[in-house]
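Visitor: quick one, what's the 3D model for this:
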Amino acid sequence: MSLSSEPVISYLKDNFVCGTRDITNEPYCGLSGRHEVWGNAVNTTNGAGPHNIQIFVLNPDGTVLHCLPGYWNSEDLITELSFAQKVNGLYTSTMPEAEKKHRYVQMHLAHIKEHSSAMVSRSHMQGFDQAFEAKKKLATTDTIANLAAVKAALASGGHIPDSAFKTTDVIMHERVAKQPFMPYNQFDVVSFSDYGKTKYDKNEDYHNVYGRVDMQAARTAPELGINRNANPNAASSGAGGGQPLSYRDYLRRHGIKSR
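Guide: Predicted coordinates:
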């Protein structure tokens, strides 16, 4: 969901009760490498891997206040968690239900304009996800900001400009706004998390001593999630295929000798 660092760790500890749920066999689940608890953690762009992780922010009664797809920068995560607390204030108010839902939508859409330029720059969709949306879902996707630019690039075989796509922070708020104060068990995660390719993995645990991915090892790495490409290493049960990376292998790859 984010890198384990301050101040987000303290913010979560002081303001939220945190938990996890295994989504391995859910219809919206993607595919990713298996990551050991002692393995590497690396930074990436906001909203990367939306099929693999969804960060729900709930009221104690299970009502969805906010949801973030995929990975989020720790600074930006705090921004969104703080916003969710304001949404919770609206939810617990004595305002009529219909008015609450109307304001919920307004708050989420208005918050897009409050995002810092740094947050927006960290929220550009991955290039392979952009290509997937343009080539596979052009007629149905809501992730494109400039349809004419995308069509022109596809027709000419040229590069699709990054600016032709909405940033993931915009996609997130627009989609959450469509489900105001929805109970967690009724929230449509399928449509919410549906953008880009279903597989996302940065092979963090297979970086060698030079900081590059050991591609030979990564190709045979075990995977978790729903296998839509018949990869024999993938697992739909959550157990993982292939051989899990041992701690000794991990140290060796990083140039550290162990007994």
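Visitor: contacting residues for the residue nearest the centre of the chain?
Guide: When the chain is reduced to its mean C-alpha position, the nearest residue by CA atoms, centre = their mean turns out to be residue 70, at 0.9 Å. In this structure, residue 70 makes contact with 46, 47, 48, 49, 50, 52, 53, 54, 168, 200, judged by CB atoms under 8 Å, 6 or more residues apart in numbering. In this view, the C-beta of every residue, glycine as well, is placed from N, C-alpha and C.
Visitor: go again using 6 Å as the cut-off
Guide: Residue 70 is in contact with 47, 48, 49, 50, 53, counting by CB atoms under 6 Å, 6 or more residues apart in numbering.
Visitor: closest one to residue 83 out of those, please.
Guide: Taking CB to CB as the measure, residue 47 is the one of the contacts of residue 70 closest to residue 83, at 15.8 Å.
Visitor: separation between the closest residue to the closest one other than its chain neighbours and residue 183?
Guide: If the residues on either side of it in the chain are set aside, residue 47 comes closest to residue 168, at 2.8 Å by CB to CB, 6 or more residues apart in numbering. Per CB to CB, to the nearest Å, residue 168 is found 25 Å from residue 183.
Visitor: next: residue 110.
Guide: Counting by CB to CB, the gap from residue 110 to residue 183 is 24 Å.
Visitor: over to residue 50?
Guide: With distances taken as CB to CB, residue 50 is found 21 Å from residue 183.
Visitor: which residue of the two possesses the greater neighbour count?
Guide: More neighbours sit around residue 50 than around the other of residue 50 and residue 183, counting by other CB atoms under 10 Å; the figures are 28 against 13.
Visitor: so who does that one touch?
Guide: 69, 70, 193, 195.
Visitor: contacts only, for the closest residue to it other than its chain neighbours.
Guide: Nearest-residue entry for residue 50: residue 69, 3.5 Å, with adjacent residues in sequence omitted and distances by CB to CB, 6+ apart. Contact analysis of residue 69 by CB under 6 Å, 6+ apart lists 47, 50, 54, 193.
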